[in-house]
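Student: Return atomic coordinates for the entry below.
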Amino acid sequence: MSATLTRLPAADTLRVATSGSVDDGKSTLIGRLLYDTKAILADQLATVERDTARRGGSGMDLALLTDGLTAEREQGITIDVAYRYFATPRRRFILADTPGHEQYTRNMVTGTSHADLAIILVDARQGILPQTKRHAALVALLRTPHVALAVNKMDLVGFDRAVFERLRDEFLALTASLGFESVTPVPLSALEGDMVVDRGTNLDWYTGPTLLQVLESAATTRHIDGAFRYPVQLVSRSRFGERADSRGYMGRIESGSVRVGDEVRAWPSGVAAKVAQIVTLDGTLETAGAGRSVSLILDRQVDVTRGDLLTHAHDAPVLASEFAARLAWLDNTPLDPRRAYLVKHGTAVVKAKIVAIEDRLDIHTLQPIAGDTTLSANDIGRVRLKTARALPLDPYAAVRSNGSFLLIDEATLATVAAGLVEEVPQRG
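Tutor: Predicted coordinates:
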């Protein structure tokens with residue numbers, strides 16, 4: 001496996017999020033993917049076999065490969081977001097195993113926020129549940145472009161083609177208006193292994209791709225090709241060598257790329273300068289792309305501090321203190337427009353208030369209901385916010401990293417919602 005990981009370029013990594021209702025077999029499915037792609041070490045297999053026997057089972061419970069928390073193993077459900085890494089000769093994969101229970105929807109939002117593809121599981125016996133619809137809505141809200149509908153536990157319905165086709169048609173009709181680039185339904189049995197990595201022998205009537213083939217062929221979201229967005233985390237000053245007395249603006253490139261000589265602007269001030277050096281612990285670079293942590297040194301001293309955003313001068317965001325956003329409400333205390341909130345956008349934190357609640361998503365129809373006055377735990381709704389100072393924003397659909405934010409209760413400092421910018425004022 002390590003040789004494969006070394007050969008493959010970092011750009012060919014697919015980020016995958018899995019979601020499903022409780023007991024849909026999500027952890028078993030990920031365990032099957034890891035096991036059949038030979039991504040499990042011998043000592044891990046031995047541990048799983050011992051744990052399976054200790055729990056009174058026989059053979060190997062593949063779900064134990066991913067249910068890592070003690071609480072999860074005791075309850076038999078996934079609580080936290082567990083990340084797993086594996087590779088095939090075609091590409092690398094980062095799998096986020098997100099919780100299925102409605103109580104932990106906030107964790108599902110975390111695990112899906114950077115995904116290129118989402119696997120939504122359905123138990124062939126249970127069909128499309130309210131939580132399935134909620135997951136589909138959240139995946140669409142987070143602009144995950146590709147979905148694989150994994151109709152699991154086909155072995156428990158006798159590998160019945162009619163069952164799969166009914167669920168396939170229902171899901172495709174449900175998600176037709178959500179804007180996914182592709183939805184690929186796959187019948188499978190994570191327990192038996194049919195149509196996960198290998199085709200197996202029980203689903204001969206299905207002629208489409210296996211789940212692994214769907215993952216290997218899906219297009220990745222190329223953040224490196226997007227607009228350059230660089231939230232400043234720290235300003236440092238070097239006292240030694242050729243960079244004596246120069247300021248380094250430290251952070252991680254969230255999207256796009258930058259090279260020495262590029263003209264950049266710092267927001268919200270709008271002051272411009274050119275990139276003189278790109279510095280890392282391993283030395284200087286001529287260019288750096290999304291995901292890289294660097295220190296940028298500019299050709300002149302400018303007033304830039306933590307919370308500011310650097311962008312290319314020709315590809316600026318919109319400075320706005322009032323904007324529309326879609327919120328996924330995560331807190332048990334409902335949204336209250338009278339309360340004071342904080343918006344954490346990139347590395348900036350500013351005071352904010354909710355000006356209006358415009359609608360709430362009906363989880364059964366996936367259509368907005370206008371006129372609701374609040375959002376409760378796990379609700380999704382559109383609001384208008386006003387911040388104490390202008391923020392450099394992009395619509396989430398255009399630049400994921402700069403169009404997302406967290407909403408924090410100013411009194412308790414609890415993170416109460418994940419927000420996606422939907423509408424900003426037109427540039428004047």
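
Student: burial measure for Cys271, as a count.
Tutor: Cys isn't right for residue 271; it's Val. 15 (other C-beta atoms under 10 Å). Using the backbone N, CA and C atoms, a C-beta is placed for each residue, glycine as well.

Student: contacting residues for Leu188?
Tutor: 29, 150-152, 154, 194-196, 203, 210-211 (C-beta atoms under 8 Å, 6 or more residues apart in numbering).

Student: Mind doing that once more with 7 Å?
Tutor: Taking C-beta atoms under 7 Å, 6 or more residues apart in numbering, we find Leu188 in contact with 150-152, 154, 194-196, 211.

Student: Nearest to Arg326 among those?
Tutor: Proximity of those to Arg326 (C-beta to C-beta) peaks at Ala150, which lies at 26.1 Å.

Student: Which pLDDT value belongs to the closest one?
Tutor: pLDDT for Ala150: 97.

Student: just Glu165 next, same as before
Tutor: We have a pLDDT of 98 for Glu165.

Student: Equivalent analysis for Ala377, please.
Tutor: Per-residue pLDDT puts Ala377 at 86.

Student: That one is in contact with Thr333, isn't it?
Tutor: No. Counting by C-beta atoms under 7 Å, Ala377 stays clear of Thr333, with 8.3 Å between them.

Student: would TSV of the contacts of Leu188 with distance to Trp267 be doable?
Tutor: Below are those laid out as TSV (distance: C-beta to C-beta, whole Å):
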residue	distance to Trp267
Ala150	42
Val151	46
Asn152	46
Met154	52
Asp194	52
Met195	49
Val196	46
Leu211	42
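
Student: Just the ones of those residues in helices?
Tutor: Leu211 (DSSP state H).

Student: Pick out whichever of the contacts of Leu188 sits closest to Val349.
Tutor: Ala150 (38.8 Å).

Student: That closest one touches Leu121, doesn't it?
Tutor: Yes. Taking C-beta under 7 Å as the contact criterion, Ala150 and Leu121 are neighbours in contact, 4.8 Å apart.

Student: Give the residues shared as contacts by those two.
Tutor: Leu29.

Student: hey, what's the residue nearest to Arg168 when sequence neighbours are not counted bridged with?
Tutor: Sequence neighbours aside, Pro185 is the residue nearest to Arg168 in space, at 4.1 Å (criterion: C-beta to C-beta, 6 or more residues apart in numbering). Pro185 has the following beta-bridge partners by DSSP bridges: Leu149.

Student: now do Ala418
Tutor: On DSSP bridges, the residues paired with Ala418 through beta bridges are Ala328, Leu406.
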